[in-house]
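Q: Just to be clear, the model below is a prediction. Sequence and coordinates:
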Amino acid sequence: MDWYPLWNSLRIAAISCVIVFFSGIGMAYYVAKLPRIWKGILDVVLTLPLVLPPTVCGWLLLLVFGLKHPVGIFLQSIGVQFVMTWYGGIIASAVVAFPLMYRTARGAFESFDETLAWSGRTLGLSGTYIFWHIRMPYCKQGIIAGTVLAFARALGEYGATSMLIGYIPKNTATISTTVYQLWRTNDEYSAFVWVLVNIAISAVVLLTVNMLEKRGQGRRACS
Amino acid sequence: MSMTIEIHKQLGAFRLDVKFQLEHGVLGLLGASGSGKSKTLQCITGIERPDEGKIIINGRTVFDSRKNINLKTQERHVGYLFQNYALFPNMTVAENISCGVHTVSDKRERTNRIGDIIDRMQLSGLEKRKPAQLSGGQQQRVALARILINKPEILLLDEPFSALDSYLKEQLMTELHTLLVEFQKDVIVVTHSRDEAYQLCDHIAVLDAGHLDVFGETKKIFQDPATRVGAELTGCKNIVKANKIGTTQIYVPDWNLILDTGRYVGEGVQAIGIRAHCFCGEISENAFDITVVEQIEQPFEWIVKFQYLGQNKETKLIWWRFAKTDKPETMPGKLGIKGKNILLLYA
């Protein structure tokens, strides 16, 4: 049994999760402060990957990073190629998982009691301190939930990934593309193993989310 | 210690125009909800930016639209006690208080100051608790400790007792009064309670729909509020339209009566106010026949609502209140009012 797809899936999911964590929180914080009209417009753009079919996302990514297109040609000239490489999968997963992080984080930021930030400012606390020591802990539940969801989504990504990086065994193969490939080649047994692996990982992720939610409720109940 | 405040700000249909100066002491900002009290405080702290005006605290200009000065909230050194106290829920009492000395670099000094304020505010034993595990009164003390340890130039209290029940309120009001005297800070208290204002404040500014209606010494304003809004907010129950008809005399159309105020009545008088406890059956001054309409019993006093005999029946009932110990054997047929107790209202 070749475990490369598991390792590849995990590293793609982990790295794209880190990217999405910071970009999602950053955008959420920025958008939450915008006036209503801009908020509406940006919100649509940033959430689009969530509702678009992943294949459409993949097609759009190929339009940007494809080797016949300007950005792709430029990147290739400096030695970076997102098409048919394992790290191209990071881009595909990040784009698709981003809205999950962004939306949960934004919801958390919007429920934040702004008087806390203002009272921090009147005490002379810097904006950075307030963000990391007051705002983030206050929004912790939402942000952790968003991160876990984004990780799960990145791990299960198929459509955009298969279009951008295809399936090359021991190279770009991920769990989801492997399952498809094995099914296509009638290797029922191996496909079944990978399906079990996938279900196990997803179950762990969901259990984590539920536990976090319960802890959050418990804490709220005693206040 | 002093402050000069001049704020002009348009907020949709609402316009805030406030201008006053205070040399020293505690100022009460009195007004109905939506009159611009909290907005005024927010402009002083820098949460809101006035369109025009200037704010000078202890000789330091923190905002001046003409000179283009607009200091950040962090640089204004204004202590602000929020209505809900705004304690950081993820931090313990000690951590919350230490936020107030965050900028002090010497660690020894920091710990000393924290220990000192915890003793002074009677918070020992609560250091490790989270705000949610404290009572309302304790939360207020933590919030005040956090502000006072920061050594602000001026203290702003936004309805400090609104989140507390009435028993606690009275107790904390005396505590806060002692504290304010002890710390010798200039203070602005936003309130809509005349009791709070009277007890805590040397000066009172009455706000009405965004503009300053009355400004002056607390005792003087309670004695002679000079405006309808002032009279209402200082608790005057009977306010009625009146016209000057003689040097000392006024005519009250609603009551169809002429009252003698015993003092010179200014030309612009628009209304009079009579506090509910100023009526008396034994006073012969301005005494007229009445009909009692309603009697309401309260724990320690009676409220009697009446009308004058010649009064237009459609107009408002007049309030008379007296302590239960003063209850007369029989209801008097006439009630008098001393001329000096008739408040002349010019706006």
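A: Done, it's in. None of these values were measured; they are calculated from a predicted model. Residues are numbered from 1 along each chain as shown, chains lettered A, B, ... in the order given.

Q: for residue A:168, phi and psi?
A: phi -120, psi 110 (degrees, to the nearest 10).

Q: With the one 5 residues further on instead?
A: Main-chain dihedrals, residue A:173, degrees, to the nearest 10: phi -70, psi 130.

Q: ditto for residue B:53
A: phi 120, psi -170.

Q: Excluding chain neighbours, what is closest to it?
A: Counting by CB to CB, 6 or more residues apart in numbering or on different chains, residue B:53 lies nearest to residue B:6, which is 4.1 Å off, once chain neighbours are set aside. C-beta here means a position set from N, CA and C on the backbone, and glycine is covered the same way.

Q: Closest approach to chain A from the stretch 151-300 of chain B, which residue is it?
A: residue B:152 (7.8 Å; CB to the nearest CB).

Q: Tell me how many other residues crowd that residue.
A: Counted with other CB atoms under 10 Å in any protein chain shown, residues neighbouring residue B:152 total 22.

Q: these two touch, right, it and residue B:74?
A: No: if you go by CB atoms under 8 Å, residue B:152 and residue B:74 don't touch, sitting 11.8 Å apart.

Q: Could you name every residue contacting both of these two?
A: residue A:122 (CB atoms under 8 Å, 6 or more residues apart in numbering or on different chains).

Q: Just list what the lowest-mean-pLDDT helix or strand in chain A packs against, helices and strands only.
A: When the helices and strands of chain A are scored by mean pLDDT, DSSP states H and E, helix A:188-222 comes last with a mean of 78. Packing contacts for helix A:188-222, counted by 3 or more CB pairs under 8 Å, 6 or more residues apart in numbering or on different chains; DSSP states H and E, involve helix A:140-156, helix A:175-184.

Q: Quick check: which element contains residue 30?
A: Assuming you mean chain A. Remark: residue A:30 resides in helix A:4-32, with elements defined by DSSP states H and E.

Q: Actually, chain B is the one I wanted.
A: Per DSSP H and E: strand B:26-31 holds residue B:30.

Q: for that strand, the distance to its chain's centre please.
A: 4 Å (CA atoms, centre = their mean, to the nearest Å).

Q: Just the CA trace of it, in PDB.
A: What follows is strand B:26-31, C-alpha atoms only, in PDB (Å, rounded to 0.1, in the frame of the first residue of the first chain):
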ATOM      1  CA  VAL B  26     -17.400  67.100  39.200                       C
ATOM      2  CA  LEU B  27     -19.700  68.000  36.400                       C
ATOM      3  CA  GLY B  28     -23.000  66.200  35.800                       C
ATOM      4  CA  LEU B  29     -24.300  65.900  32.300                       C
ATOM      5  CA  LEU B  30     -28.000  65.600  32.700                       C
ATOM      6  CA  GLY B  31     -30.400  64.900  29.900                       C
END
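
Q: what helices or strands is it leaning on?
A: So strand B:26-31, by 3+ CB pairs under 8 Å, 6+ apart, packs with helix B:37-45, strand B:186-191, helix B:194-200, strand B:203-208, helix B:228-233.

Q: so who does the residue lying closest to residue B:195 once chain neighbours are set aside touch?
A: Excluding the flanking residues, the one nearest residue B:195 by CB to CB, 6+ apart is residue B:173, at 7.8 Å. Contacts here follow CB under 8 Å, 6+ apart; on that basis residue B:173 touches B:161, B:195, B:196, B:199, B:200.

Q: Then residue B:66?
A: Here residue B:66 is in contact with residue B:54 (CB under 8 Å, 6+ apart).

Q: Repeat the analysis, applying 10 Å as the threshold.
A: Applying CB atoms under 10 Å, 6 or more residues apart in numbering or on different chains, we find residue B:66 in contact with B:52, B:53, B:54.

Q: Which strand or helix spans it?
A: Applying DSSP H and E, one finds residue B:66 in no helix or strand.

Q: May I see the buried residues of stretch B:199-212?
A: Neighbour-count burial for stretch B:199-212 flags B:199, B:200, B:201, B:203, B:204, B:205, B:206, B:207, B:208, B:210, B:212 (criterion: 16 or more other CB atoms under 10 Å in any protein chain shown).

Q: mind checking the longest helix of chain B?
A: helix B:166-183 (DSSP state H).

Q: tell me the angle it makes with strand B:186-191.
A: 170 degrees (axes from the mean of the first three to the mean of the last three CA atoms, to 10 degrees).

Q: Send me helix B:166-183 as CSV with only the CA atoms.
A: Below are the C-alpha coordinates for helix B:166-183, written out as CSV (Å, rounded to 0.1, in the frame of the first residue of the first chain):
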residue,chain,number,x,y,z
SER,B,166,-31.4,50.2,43.4
TYR,B,167,-30.2,49.0,46.8
LEU,B,168,-26.6,48.6,45.5
LYS,B,169,-26.9,51.9,43.7
GLU,B,170,-27.3,54.0,46.9
GLN,B,171,-24.5,52.2,48.6
LEU,B,172,-22.1,52.6,45.6
MET,B,173,-23.1,56.2,45.1
THR,B,174,-21.7,57.2,48.5
GLU,B,175,-18.6,55.0,47.9
LEU,B,176,-18.0,56.7,44.6
HIS,B,177,-18.4,60.1,46.1
THR,B,178,-15.7,59.3,48.7
LEU,B,179,-13.5,58.0,45.9
LEU,B,180,-13.9,61.1,43.8
VAL,B,181,-13.1,63.3,46.7
GLU,B,182,-10.0,61.2,47.5
PHE,B,183,-8.6,61.0,44.0
